[in-house]
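J.: my questions are about this predicted structure, shown below with the sequence.
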Amino acid sequence: MNRILGVAAAMTLLAGCGGSGGDTRAISGAGATFPASIYQKWSEGYRQATKVGLNYQAIGSGGGIKQIKAGTVDFGATDKPLKPDELQKAGLYQFPTVIGGVVPILNVEGLKPGQLKLTGPLLADIYLGKVKSWNDPAIASINPGIPLPARPITVVHRSDGSGTTFLFTTYLSGQSPEWAQKAGASDSIAWPTGLAGKGNDGVAAFVKQTAGSIGYVEYAYASQNGTSFALMKNKAGSFVAPDAASFGAAAAGADWANAPGNYLLLLDQPGAGAWPITGATFILLHKQQQGATTAQAVLKFFDWAYANGDAAAAKLDYVPLPAAVKDLVRKQWASEITAGGKPVWPAK
């Protein structure tokens, strides 16, 4: 396939292992496939600037959480933010890196990208298996004049523990009491119906090869591959397209300064232009480090990305964090991450 799917399918992003000044150790991380493409791009730029490499395994948010808890990687990555009590219990700290959106993608003959309209309750009924064909009256009623085939709907979902799934199912639970009762909201659920693909790339691949299918992926996997996608009705009643502007509109009112543990969801936000399934992606670190060197290396990488990575993020259809949020996070680093009782990051 193309670059993004090929990267994620490889399940490892490796931007060199070389070092400078005697430091030949690559930084290691694992987790969410949602930000895999931007972490690859950042790692390429960082290696060119510093000669320090990044080895990132895109194994899903659930895997990233497990690996950082086990201490087998330097950092974990997740699109499912951990609640403050979970962070405290595990001795972890989390911070956001970029913002993106989860998008319904389609493989339906005759439908162009952005031509089909969906609502949250309707999307829930499709994933519950209640709406079974593309010409169902529930779909046709909000898509007058659109040629809808009498083809069965094939639902595609994630097979692995996934922050993308957490965002998607949390959104559906807020839209449909029946979904909330029967399926629920989590990074891994018992799906009522459908095919299972591993990672965003696995879902995208299943949709691409299965006529009549619908899936959900992080937007970069749709936009960079020309995959057909649906418009979604947001809280303001507008049908909006997924793009950086609509993700940014959803994030515009995000109050990070008053979010304990940086736990903040951006689902179903108000505003005429807001994409309803928007979310940040997060990095997980142990608050108490065995030594300062590893944590400093990780924070130097993300500090560089904060300072130099916005253009690359925007090009890949992510929304960079506002400068004020980056400054807030940097201050947190100085107080939250310690080694031997001392901060590993200088206060500024």
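T.: The structure has been received and is ready for your questions.

J.: how much space between residue 99 and residue 306?
T.: To residue 306, residue 99 is 13 Å away according to Cβ to Cβ, to the nearest Å. The way it works is simple: take the backbone N, C-alpha and C, and place the C-beta from them, glycine included.

J.: can you list residues touching both of those two?
T.: residue 321 (Cβ atoms under 8 Å, 6 or more residues apart in numbering).

J.: out of these two, which sits in the more crowded spot?
T.: Neighbours were counted for residue 99 and for residue 306 using other Cβ atoms under 10 Å; residue 99 has more, 24 against 20.

J.: what's across from that one in the sheet?
T.: residue 280, residue 319 (DSSP bridges).

J.: quick one: residues contacting it.
T.: 247-248, 250-251, 266, 278-281, 318-321.

J.: rerun at 10 Å
T.: 35, 244, 247-248, 250-251, 254, 266, 278-281, 313, 318-322, 325 (Cβ atoms under 10 Å, 6 or more residues apart in numbering).

J.: now do the strands in the stretch 51-200 of the chain.
T.: For the stretch 51-200 of the chain, strands defined by DSSP state E, counting those that start in this stretch occupy the ranges 54-58, 75-78, 92-107, 117-118, 154-158, 195-197.

J.: who does the fifth one touch, helix- and strand-wise?
T.: Just to be clear, that refers to strand 154-158. strand 92-107, helix 120-128, helix 163-175, strand 195-197, helix 199-209, strand 213-218 (3 or more Cβ pairs under 10 Å, 6 or more residues apart in numbering; DSSP states H and E).

J.: again, but for the shortest one
T.: Helices and strands touching strand 117-118, by 3+ Cβ pairs under 10 Å, 6+ apart, are helix 137-140, strand 231-233.

J.: out of these, flag the one nearest residue 85.
T.: strand 231-233 (31.7 Å; Cβ to Cβ).

J.: next, format the strands of the stretch 51-200 of the chain as CSV and append distance to residue 220 and mean pLDDT.
T.: What follows is the strands of the stretch 51-200 of the chain, written out as CSV (distance: least, Cβ to Cβ, whole Å; pLDDT from 0 to 100):
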stretch, distance to residue 220, mean pLDDT
strand 54-58, 12, 96
strand 75-78, 15, 98
strand 92-107, 7, 97
strand 117-118, 20, 98
strand 154-158, 16, 98
strand 195-197, 16, 96
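
J.: save those strands as TSV, and put in distance to residue 138 too.
T.: Listed next are these as TSV, based on distance: least, Cβ to Cβ, whole Å:
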stretch	distance to residue 138
strand 54-58	35
strand 75-78	34
strand 92-107	15
strand 117-118	10
strand 154-158	15
strand 195-197	22
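
J.: quick one: which of the ones you listed is nearest residue 296?
T.: strand 75-78 (12.2 Å).

J.: care to break the protein down by domain?
T.: Following automatic domain parsing, the chain resolves into domains at 3-100+279-343, 102-253.

J.: out of those, nearest to residue 270?
T.: domain 102-253 (5.4 Å).

J.: could you list the low-confidence segments of the stretch 51-200 of the chain?
T.: Within the stretch 51-200 of the chain, the set of residues satisfying pLDDT under 70 is empty.

J.: quick one: secondary structure of the nearest residue to residue 304 once chain neighbours are set aside?
T.: Spatial nearest neighbour of residue 304, chain neighbours left out: residue 46 (5.5 Å); criterion: Cβ to Cβ, 6 or more residues apart in numbering. Look at residue 46: counting by DSSP: H, G, I helix; E, B strand; the rest coil, its state is helix.

J.: ok, now how distant is residue 46 from residue 68?
T.: As judged by Cβ to Cβ, residue 46 and residue 68 stand 20 Å apart.

J.: skip the chain neighbours and tell me the closest residue to residue 57.
T.: By the measure of Cβ to Cβ, 6+ apart, the closest residue to residue 57 outside its immediate chain neighbours is residue 30, 4.0 Å from it.

J.: show me what the host helix or strand of that neighbour is packed against.
T.: Assigned by DSSP states H and E, residue 30 falls within strand 27-31. Applying 3+ Cβ pairs under 10 Å, 6+ apart, one finds that strand 27-31 contacts helix 36-50, strand 54-58, helix 61-70, strand 75-78, strand 277-286, helix 292-308.

J.: buried residues, the third one. List them.
T.: With burial defined by 16 or more other Cβ atoms under 10 Å, the residues of helix 61-70 counted as buried are 61, 62, 63, 64, 65, 66, 67, 68.

J.: from those residues, pick the one nearest residue 123.
T.: Ranked by distance to residue 123 (Cβ to Cβ), the buried residues of helix 61-70 are led by residue 61 at 21.0 Å.

J.: need the contact list for the spatially closest residue to that closest one that is not a sequence neighbour.
T.: The shortest distance from residue 61 to any non-neighbouring residue, by Cβ to Cβ, 6+ apart, is to residue 163 (3.4 Å). Residue 163 is in contact with 31-35, 60-62, 64-65, 77-81, 102, 187, 218, 279-282, counting by Cβ under 10 Å, 6+ apart.

J.: that'll do, ta.
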